[in-house]
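Student: Build me a structure from this.
(chains A and B)
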Amino acid sequence: MRQNNSITQETQEGPRLRKYAWDTNEEYLFKAMVAFSMRKVPNRETTEISHVLLCNVTQRVSFWFVVTDPSKTHTLPAVEIQSAIRMNRNRINNAFFLNDQTLEFLRIPSTLAPPTDPPVPIWIIIFGVIFCIVIVATMLLILSGIQQHRRKNEGPSEMEDTEDKCENTITVENGIPCDPLDMKGGHINDAFMTEDERLTPL
Amino acid sequence: MEKARPLWATPLQFVFACISYAVGLGNVWRFPYLCQMYGGGSFLVPYIVMLIVEGMPLLYLELAVGQRMRQGSIGAWRTISPYLSGVGVASVVVSFFLSMYYNVINAWAFWYLFHSFQDPLPWSVCPVNGNRTGYDEECEKATSTQYFWYRKTLNISPSIQENGAVQWEPALCLILAWLLVYLCILRGTESTGKVVYFTASLPYCVLLIYLIRGLTLHGATNGLVYMFTPKMEQLANPKAWINAATQIFFSLGLGFGSLIAFASYNEPSNDCQKHAIIVSLLNSSTSIFASVVTFSIYGFKATFNYESCLNKVILLLTNSFDLEDGFLTASNLEQVKGYLASAYPSKYNEVFPQIKNCSLETELDTAVQGTGLAFIVYTEAIKNMEVSQLWSVLYFFMLLMLGIGSMLGNTAAILTPLTDSKAISSYLPKEAISGLVCFVNCAIGMVFTTEAGNYWFDIFNDYAATLSLLLIVLVETVAVCYLYGLRRFESDLRAMTGRKLSWYWKAMWAGVSPLLIVSLFVFYLSDYIMTGTLRYQAWDASEGQLVTKDYPPYALAIIGLLVASSTMCIPLVALGTFITRCLKRGDTVPGA
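Tutor: Residues are numbered from 1 along each chain as shown, chains lettered A, B, ... in the order given. All right, here's what the predicted structure looks like:
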């Protein structure tokens, strides 16, 4: 029983529709790629381009194709062709500058590429960086807060020590000892003395 | 010598702190939804009316109380009347609940931010299934952005009863979020004052960038025209007015005690009237600004989905009927469909069930609010933009700034009364108190990182603050106007700021605002009572969509406890003060 493989070529990319120029040269390339895929199968190394036959080519760029054996008496089973094409899907796509969405083989499901999994998820790296920055900044602020606190606690106790010392020594104001500034050593200015009587008593 | 109260370095820091607190996630994810649901452009009418009648007066009242009393919420209300310190306690309790669940949003924003540095964005592609022949089943049924949110971020369980374990990834992000908040509030106003420069201004920069990008997106005008077209008949809908009042109320963050806390760090001569007007106007204009951005993003997303839908139909028809490429376009689709239906009826009938009816209106009609808008709809739009990593990073950075800004206010509302109380602050320095509060909140917040965490989050989001706040603000307004005395308050303000109180404020405080709050309160109570049992949306992994379920009895009990624990503070503390006073009087009378 004849096994047919059907291929549909879609060329839509989003809202812009680009027509794929399909001519006999492209057909030749397609036949070559299918023959190439079949030659990689263990006992089919003698497949030639002339063994690949296309039929029912429509304007949609969709067609059926079969691969015959070297004696051209019967076609090869579809399962074999399907597995051969699946192995070389990437090469076939690249030959036409298409991808799995734009070059569709009916009855050949595409193998999806596994998502790239880096050994360390990227988000943990960024998380680690920001986490360390925040911890360092917090530590700095806490430590400077503790230092300020300690300085404030030592500050008042230092002032108390110096006050005790002063009582036993002469108080110094502006570099001049205070004692000579009392009334004994100077002249009394009468103008200022009478000022007190002019002021109203408290 | 008494330690001087820390002050804001400049009045600008105070204004920025209030803006950073008031302008939060609600402006971005709730206002656009309300605008869309209640008549588009015509929703602005009730919104502005409520702003002038309710928002500005209540904001001014809270700022004035804080600035006058120069203490946190508990101390301020105790000064007004010793029986009313329960109002302050209720504010602290509500703020505590809020900060527990609000920081989880920041954790999610961090999660998405860290994942934005990948190419392609992890929520733009579905993961492949076991034998690599197709995509993961749940992801196929839902969309990749929903899958990333519900499965990768939340790992949500099918119902609230199935608790699951704590997910370590969101837990790590939550710890980071709390560390960041602690870093910002560590030194009190000294550190908060500098941080708010960034948290208040950076979101505006990002919104501006997004506005320019959004307006230049393909299909943005569809969204803007559709959403802003006024539907005047909604003005007659009482729900529009109620929602406008509620939005103004909660958007300004009244009743939490944060505004009182911020204002208490002001110089007494600060002109808080001017600041109240500035903050409320800025808050509302930010809401409108953010909704312009959101609607242009909606328009872009809807147009993109509509055009993809059309392309899928075109592809389907082109393949089934082997038409020439480029023959079918969006403009002649209907004609060609009619021709095909008449020319090849049997084949057309085969294909017909798969042909979807693409409609731009149905795409635009999807109105979403809350975390769904921020983490599903926006990410879906971002993944279709050019250089999507940049837009994603900017967007989640903005969400983070908005969230951290609001958290600063929330934690200030809890910490200011604690640091004001001499009993606690004599034992522990303020760094230790802040650290303790952050640690307790973080530990309890781990509940929201379990598999059922999002359901508990919704409970807290919907019920922890709504009724209690209305009651708190009502008692506040009545207390200031009638217990403390409006005339006494007016003379206090004149002595403080040197300005005479306008008749407008007095009329609003004494009459209009309390009436409004009472009507809101009555509406919500009757709404809760009439709907009977409360329900929630659960994610069904097998269907790939949300389903409605009833809350189990223990969840209802917890909801009741949440509401009661804050509202009961007011009468209980009043009763307690009354009893202690009676006992004291009873003790002294025999001695006299």
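Student: can you count the residues close to the one residue in chain A that gets nearest to chain B?
Tutor: Nearest to chain B in chain A, going by CB to the nearest CB, is A:Trp123, at a distance of 3.7 Å. Every C-beta, even on glycine, is put in place using the N, C-alpha and C of the backbone. Neighbour count for A:Trp123, taken as other CB atoms under 10 Å in any protein chain shown: 21.
Student: which one is it nearest to, not counting chain neighbours?
Tutor: On the basis of CB to CB, 6 or more residues apart in numbering or on different chains, the spatially nearest residue to A:Trp123 that is not a chain neighbour turns out to be B:Phe114, at 3.7 Å.
Student: Now do the same contact list for the one you found.
Tutor: Taking CB atoms under 8 Å, 6 or more residues apart in numbering or on different chains as the criterion, B:Phe114 is in contact with A:122-124, A:126-127, B:173.
Student: residue boundaries of the helices in the stretch 151-300 of chain B?
Tutor: With DSSP state H, counting those that start in this stretch applied, the stretch 151-300 of chain B shows helices at B:168-185, B:189-215, B:220-228, B:238-251, B:258-264, B:272-321, listed in chain order.
Student: Of all the ones you listed, which one comes closest to B:Pro57?
Tutor: Taking CB to CB, helix B:272-321 is the member of these nearest to B:Pro57, at 8.5 Å.
Student: Now do the closest one against helix B:189-215, angle only.
Tutor: Computed by axes from the mean of the first three to the mean of the last three CA atoms, to 10 degrees, the angle separating helix B:272-321 from helix B:189-215 equals 40 degrees.
Student: Which of the helices of the stretch 151-300 of chain B has the highest mean neighbour count?
Tutor: Across the helices of the stretch 151-300 of chain B, the average number of neighbours (mean count of other CB atoms under 10 Å in any protein chain shown) peaks for helix B:258-264, which reaches a mean of 30.
Student: what distance separates that helix from the centre of its chain?
Tutor: When distances are taken as CA atoms, centre = their mean, to the nearest Å, helix B:258-264 is centred 20 Å away from the chain's centroid.
Student: same for it, what does it pack against?
Tutor: In terms of contacts (3 or more CB pairs under 8 Å, 6 or more residues apart in numbering or on different chains; DSSP states H and E), helix B:258-264 is packed against helix B:11-22, helix B:56-69, helix B:73-80, helix B:388-420.
Student: Tell me where the model's unsure across chain B.
Tutor: Within chain B, the segments meeting pLDDT under 70 span B:1-3, B:588-592.
Student: Ramachandran angles for the nearest residue to B:Asn129 once chain neighbours are set aside?
Tutor: In this structure, B:Asn129 finds its nearest non-sequential neighbour in B:Asp136, 5.2 Å apart by CB to CB, 6+ apart. Note on B:Asp136: backbone dihedrals following degrees, to the nearest 10 are phi -50, psi 140.
Student: swap in B:Tyr38?
Tutor: As for B:Tyr38, its main-chain torsions (degrees, to the nearest 10) stand at phi -110, psi 40.
Student: what do you get for B:Pro122?
Tutor: Torsion angles at B:Pro122 (phi, psi; degrees, to the nearest 10) stand at phi -60, psi -20.
Student: Which one of the residues in chain B is closest to chain A?
Tutor: For chain B, CB to the nearest CB, closest residue to chain A: B:Phe114, 3.7 Å.
Student: and whichever helix or strand that residue is part of with helix B:388-420, angle?
Tutor: Secondary structure from DSSP states H and E places B:Phe114 in helix B:85-115. With the same axes, to 10 degrees applied, the angle from helix B:85-115 to helix B:388-420 works out at 150 degrees.
Student: buried sites along the next helix or strand after helix B:85-115?
Tutor: Later in the chain than helix B:85-115, the nearest helix or strand by DSSP H and E is helix B:137-141. Taking 16 or more other CB atoms under 10 Å in any protein chain shown as the neighbour-count basis, helix B:137-141 is seen to contain the buried residues B:138-139.
Student: Alright, calling it a day.
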